[in-house]
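Participant: When you get a sec, could you give me coordinates for this:
(chains A and B)
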Amino acid sequence: MQLLKADFFKLSRSISPWTVFILSILSAIIFAASSHYVASGSLSLETASGTLSLFSETQMMALLGSIAAGICLTTDFENKIIENAVSGGHSRNAIIINKIVLFFILIALLYLPYIIITLIFAFTDTAFSGFVPTPTLNILAGAAEQGVTAGLFGKIILISGLSLLIFFSQLMVSIFYMFLFKRAVLVIAATYMTSLILGPISSLNDTVHSVMAYTPFGIDLSQLAFGMSGEFIVKSMMISLLFIFIFYLASFLIFRKAEVK
Amino acid sequence: MTEYILEAKNIFKDYNGFQALENVSISLEKGKIYGLIGQNGAGKTTFMRIIAGLSFPTSGELYLFNQSNQKSLQAGRKQMGSMIENPSILGNMSARDNLRVHKTMKGIKEENVEQKVLDIVGLGATGKKKAKDFSLGMRQRLGIAITLLGNPKILMLDEPVNGLDPSGIAEIRQLIKNLAAKYQITILLSSHHLAELHQTADEFIIVNEGKILKKLSHDKLEEQINKHLLVDCNEPEKLQKVLRESLQTENFIVQPDKSIKLYDFINKKEELSKALINHDIIVTTFTTQEETLESYYLQLIGGVR
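Facilitator: Okay, here's the model as predicted:
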């Protein structure tokens, strides 16, 4: 808890987390606006599906999450904060767990603008197009059919919560990279490259697809919608949690006896 | 029985075949200042890093407050302040905010402790100035201030006077001495400023190529670097015999190059000279010398005299 408090104080005094957060707010607004203009016919589907789909939460979480892992977490190695934590008597396991918790909170904050926009507009009559099958647009485009009920709120929270868990589990590789490389630039590059490569690789052939299906990168995000099945929810949660645990373990094994520099 | 705050027993550290530390054993007593002397790459920083938990020994045991298991060592490190190589400073923050980060990490509840330690190191008036705009000396002071948070029982400072001007060096020396005397803090210092270390430390640990060459107290060092006569000649063995048998003295040291440091006869040079001539010894060097810690150290490691 001491480490987490210190990290939050440190981040509150730094410009970079705020910059990443503002970028997330802007991209959420642009993405939702694009969806609305596609639905109202002011914007062509081709334009939106191309460049504007880069503002989807799936794309932005991979990009901003990688940046956050680099500049908010890994710079602690460069600033010798990790060194001071170790020499100050904190166990290496506590340091890893602290970083995982902090990173989860950061990812949740980065995803928050998308959730807030969904929560606001799902309860209005505004029309949205599901031009890219992402959780945000699945909710916005399908909310009209659900009717304004307390259940709708619950479903949005469930879809958003599960999406957050999947995004976070995908980004857990950055925690491992952080303890492996100890350099922010390398962590940003490696995490983003992993997201870019492991997503499309699933469709390479059946064997790869069946292997990737057991990782968060193989979860079909288009199913994160009002009609998702209980089996999909449980399976996605299990895969994500297992992936988080595996990368926690890998980080622990690599950092347990590592030289801290 | 002597109370040891920190003990290292037979520490070895191997980096892919390179022996960084070899059978290093030391015991640090409460309230004393220890000076760790050695060239770059001698193993000083490696040793400090092992104590701080940043590196692990290949073999050997480390005891902090008489405990050696991992959990106890971690608990012991909570009572330790260390600044190894460069201080841990966030450039975009003021000195006070930097201290607040480290204070929070250490779980220190004490109010206004930041100002207290800033005043101790002479940075009390830096206000909102960001650490990235600090001079090297100010950064060193801030690093020392960070180590002082939480009233540590052990301080480990690697090159603490690096970048400080002469008055800054004198202030830090006084500060270190005060901390040891007033608060009974055990301090392990390493420095390239041997003259400075000579004035600060109570005990000296000389390391070379990963091994401890010598451990000696300040008083013992003073004896070792006392005024003496340096005598070199054509027959060193005969010279030793003359000193022992004819001049009845054992108060001399034979150096690795066979020259002799003689601590007697400084005021009786004529008598000595006459004895050497009488025994047909041809003297090639005959000078009065007073050593510094630096020359003593260089002589010990077989370097330049």
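
Participant: Count the residues that sit near residue 230.
Facilitator: Assuming you mean chain A. 7 (other CB atoms under 10 Å in any protein chain shown). (Glycine included, C-beta is placed from N, CA and C.)

Participant: should've been chain B
Facilitator: Counted by other CB under 10 Å, the residues lying close to residue B:230 total 16.

Participant: check contacts around it.
Facilitator: B:259-262, B:285-289 (CB atoms under 8 Å, 6 or more residues apart in numbering or on different chains).

Participant: again, 7 Å this time
Facilitator: B:259, B:261, B:285, B:287, B:289 (CB atoms under 7 Å, 6 or more residues apart in numbering or on different chains).

Participant: pLDDT score assigned to it?
Facilitator: With respect to pLDDT, residue B:230 scores 89.

Participant: Against residue A:89, how distant is it?
Facilitator: 50 Å (CB to CB, to the nearest Å).

Participant: for residue B:58, same thing?
Facilitator: For residue B:58, the distance to residue A:89 - CB to CB - is 23 Å.

Participant: So between the two, which is more surrounded?
Facilitator: residue A:89 (21 against 14).

Participant: Am I right that that one sits in a helix?
Facilitator: No: counting by DSSP: H, G, I helix; E, B strand; the rest coil, residue A:89 falls outside a helix, being coil.

Participant: pretty sure it contacts residue B:74?
Facilitator: Yes: using CB atoms under 7 Å, residue A:89 is in contact with residue B:74, at 4.7 Å.

Participant: Compute the distance between the residue in the stretch 201-305 of chain B positioned nearest to chain A and residue B:36, please.
Facilitator: Ranked by CB to the nearest CB, the top residue of the stretch 201-305 of chain B for proximity to chain A is residue B:210, at 16.3 Å. Residue B:210 sits 13 Å away from residue B:36, going by CB to CB.

Participant: higher neighbour count, the two?
Facilitator: Each of residue B:210 and residue B:36 has its neighbours counted (other CB under 10 Å); residue B:36 has more, 26 against 23.

Participant: who does the residue lying closest to the more buried one once chain neighbours are set aside bridge with?
Facilitator: The shortest distance from residue B:36 to any non-neighbouring residue, by CB to CB, 6 or more residues apart in numbering or on different chains, is to residue B:190 (4.1 Å). Residue B:190 has these beta-bridge partners by DSSP bridges: residue B:36, residue B:158.

Participant: give me the number of residues near residue B:190?
Facilitator: Neighbours of residue B:190 using other CB under 10 Å come to 23.

Participant: cool, and residue B:113?
Facilitator: 18.

Participant: any weak-confidence spans in chain B?
Facilitator: B:1, B:303-305 (pLDDT under 70).

Participant: which phi and psi does the closest residue to chain B within the stretch 101-250 of chain A have?
Facilitator: Closest residue of the stretch 101-250 of chain A to chain B, CB to the nearest CB: residue A:182 (12.5 Å). When read as degrees, to the nearest 10, the backbone of residue A:182 gives phi 60, psi 20.

Participant: What residues does it make contact with?
Facilitator: A:74, A:77.

Participant: where does chain B come near chain A, residue by residue?
Facilitator: Residues of chain B lying near chain A by CB under 7 Å from any CB of the partner chain: B:52-56, B:74-75, B:77-78, B:82, B:86, B:88, B:90, B:92-93, B:97, B:100-102, B:104-107.

Participant: what are the ranges of the helices in chain B?
Facilitator: B:44-52, B:70-77, B:95-106, B:113-121, B:136-148, B:166-183, B:194-200, B:218-224, B:236-241, B:269-278, B:293-300 (DSSP state H).

Participant: hmm, I was thinking of chain A
Facilitator: Going by DSSP H, chain A shows helices at A:2-12, A:15-40, A:45-49, A:57-68, A:75-78, A:81-87, A:92-122, A:135-146, A:150-171, A:173-181, A:184-198, A:206-212, A:230-255.

Participant: tell me the mean pLDDT for the second one?
Facilitator: Read that as helix A:15-40. 92.

Participant: Show me what it is packed against.
Facilitator: Using 3 or more CB pairs under 7 Å, 6 or more residues apart in numbering or on different chains; DSSP states H and E, the elements in contact with helix A:15-40 are helix A:45-49, helix A:57-68, helix A:92-122, helix A:135-146.

Participant: Closest to the centroid, which residue in the chain?
Facilitator: Chain wasn't specified; assuming chain A. residue A:167 (3.5 Å; CA atoms, centre = their mean).

Participant: actually it's chain B I care about, not the one you picked
Facilitator: Mean-position check on chain B, CA atoms, centre = their mean. Result residue B:35 at 1.7 Å.

Participant: The closest residue to that residue other than its chain neighbours: neighbour count?
Facilitator: Distance criterion CB to CB, 6+ apart; nearest residue to residue B:35, sequence neighbours excluded, is residue B:201 at 3.2 Å. For residue B:201, the neighbour count with other CB under 10 Å is 26.

Participant: rewinding a little: can I get the helices and strands packed on helix A:15-40 in TSV with distance to residue B:114, mean pLDDT and mean neighbour count?
Facilitator: Compiled in TSV, the helices and strands packed on helix A:15-40 are given as follows (distance: least, CB to CB, whole Å; pLDDT from 0 to 100; neighbours: other CB atoms under 10 Å in any protein chain shown):
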stretch	distance to residue B:114	mean pLDDT	mean neighbour count
helix A:45-49	52	80	13
helix A:57-68	28	93	24
helix A:92-122	22	94	20
helix A:135-146	44	82	22
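
Participant: Throw the ones you listed into a markdown table and include distance to residue A:255, thanks.
Facilitator: As requested, the helices and strands packed on helix A:15-40 are arranged in a markdown table below (distance: least, CB to CB, whole Å):
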| stretch | distance to residue A:255 |
| --- | --- |
| helix A:45-49 | 42 |
| helix A:57-68 | 20 |
| helix A:92-122 | 5 |
| helix A:135-146 | 33 |
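
Participant: got TSV for these, with distance to chain B too?
Facilitator: Output for these, formatted as TSV (distance: least, CB to the nearest CB, whole Å):
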stretch	distance to chain B
helix A:45-49	39
helix A:57-68	17
helix A:92-122	9
helix A:135-146	33
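
Participant: and of these, who's closest to residue B:23?
Facilitator: Closest of the helices and strands packed on helix A:15-40 to residue B:23 is helix A:92-122, at 27.1 Å (criterion: CB to CB).

Participant: same for that closest one, what does it pack against?
Facilitator: Using 3+ CB pairs under 7 Å, 6+ apart, helix A:92-122 is in contact with helix A:2-12, helix A:15-40, helix A:57-68, helix A:81-87, helix A:135-146, helix A:150-171, helix A:173-181, helix A:230-255.

Participant: Which of the residues in the last one are classified as buried?
Facilitator: Counting neighbours by 16 or more other CB atoms under 10 Å in any protein chain shown, one finds that the buried residues in helix A:230-255 are A:232-233, A:236, A:239-240, A:243-244, A:247-248, A:250-252, A:255.

Participant: tell me how far stretch B:159-172 is from the chain's mean position?
Facilitator: With CA atoms, centre = their mean, to the nearest Å as the basis, stretch B:159-172 stands 15 Å off its chain's centre.

Participant: State the distance spanning the first to the last residue of it.
Facilitator: End-to-end distance of stretch B:159-172 (CA to CA, to the nearest Å): 11 Å.

Participant: Need the contact partners of that stretch.
Facilitator: Under CB under 7 Å, 6+ apart, the answer for stretch B:159-172 is B:83, B:122, B:136-137, B:140, B:144, B:189-193, B:196.

Participant: of the residues you listed, closest to chain A?
Facilitator: Nearest member of the contacts of stretch B:159-172 to chain A, counting by CB to the nearest CB, is residue B:83, at 9.2 Å.

Participant: Next, count neighbours for that closest one.
Facilitator: Look at residue B:83: counted by other CB under 10 Å, it has 25 neighbours.
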